[in-house]
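Colleague: Prediction below, plus the sequence it came from.
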Amino acid sequence: MLNAFSSKMDNLLEEGRRSIVSFKQDCHQVFGSKTDSIEHYNLIRTDYNDASWRFDEYLVVRAEDVASSPAEHPDGYVWTNAIITDAKHLAICLCTADCLPMTLYDPKLHILALAHLGWQATMQHLIDQILAGMRQFFGSHPADIKVFIGPSIKKESYIFDNPEQLKMPQWKGYLHPTADGYGIDLVGYNLNRLAENSIDPSNIQVSPVDTALSRDYESHYSHTKQGRPKARRFLNISMLR
């Protein structure tokens, strides 16, 4: 399984919709020499539209359904917050700025999932649905699943003066008072969901990168707070070999 992230140094951060050809070029550049032995691979790009769907839904892409290219939205995107697949040589691309890019991998059955976990998907327990889907459609067992949470905003930076989560008992312990309001712990909340679904903590890795502070990654939150132009997003790419 391949998993990689672009950064400002790669000059691949997205600004608006792009063609599938340019995305495939970016994919190859981010993976580098790791894809040199793969002559052909398909690509599926996920994106989200806040007004168009439920945040606890995901898409299943089976190997037998992938021919010359997977089914796509007319503009080249698949509208979903997560994809689960057993298809080899299918590069799943996701663009994020602060939200959690989570990769889940079952090395025994070779099942891959890539998820976009913003605050809405987190509150609707998308991770629970993904793990249930991996088990329902492919037979994955929680004890076998490995998880990687990529660069994302951390509780020290994700601060709001009156967050919606204050009204929700389940967020107790994940809202940290600060001088400017409350730091929201998206990472911690999702780690708890993984634990509640019997994922072994030793199978979980979390990137220490805080996108709001790092100079290597863009941050929608910091751009908004500082009144700067809208941030671009960086690529998260995963693929079964």
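Modeller: Right, received. Where do you want to start?

Colleague: Can you show me the strands along the chain?
Modeller: Here the chain has its strands, by DSSP state E, at 2-5, 42-47, 59-61, 78-79, 82-85, 90-96, 100-106, 111-117, 146-149, 159-160, 175-178, 181-184, 204-206, 234-239.

Colleague: Can you tell me the strand partners of the fifth one and which way each runs?
Modeller: Strands adjacent to strand 82-85 in the sheet, as given by DSSP bridges, are strand 59-61 (parallel), strand 111-117 (antiparallel).

Colleague: can you map out the helices along this protein?
Modeller: 20-31, 119-123, 126-138, 186-196, 220-225 (DSSP state H).

Colleague: where does this structure have its least confident helix or strand?
Modeller: helix 20-31 (a mean of 51; mean pLDDT, DSSP states H and E).

Colleague: in the protein, what spans have low per-residue confidence?
Modeller: Counting by pLDDT under 70, the chain has low-confidence residues at 4-57, 65-78, 217-233.

Colleague: out of the strands paired with strand 82-85, deepest packed?
Modeller: Mean neighbours per residue, mean count of other C-beta atoms under 10 Å, is largest over those for strand 111-117, with a mean of 25. Backbone N, C-alpha and C define where each C-beta goes, glycine included.

Colleague: Report the angle between that one and helix 126-138.
Modeller: If you take axes from the mean of the first three to the mean of the last three C-alpha atoms, to 10 degrees, strand 111-117 sits at 160 degrees to helix 126-138.

Colleague: Contacts made by strand 111-117 with the rest, please.
Modeller: With contact meaning C-beta atoms under 8 Å, 6 or more residues apart in numbering, strand 111-117 is reached by 1, 46, 48, 58, 81-86, 92, 94, 96, 99-106, 121, 126-127, 130, 133-134, 138, 140, 186, 190, 236, 238-240.
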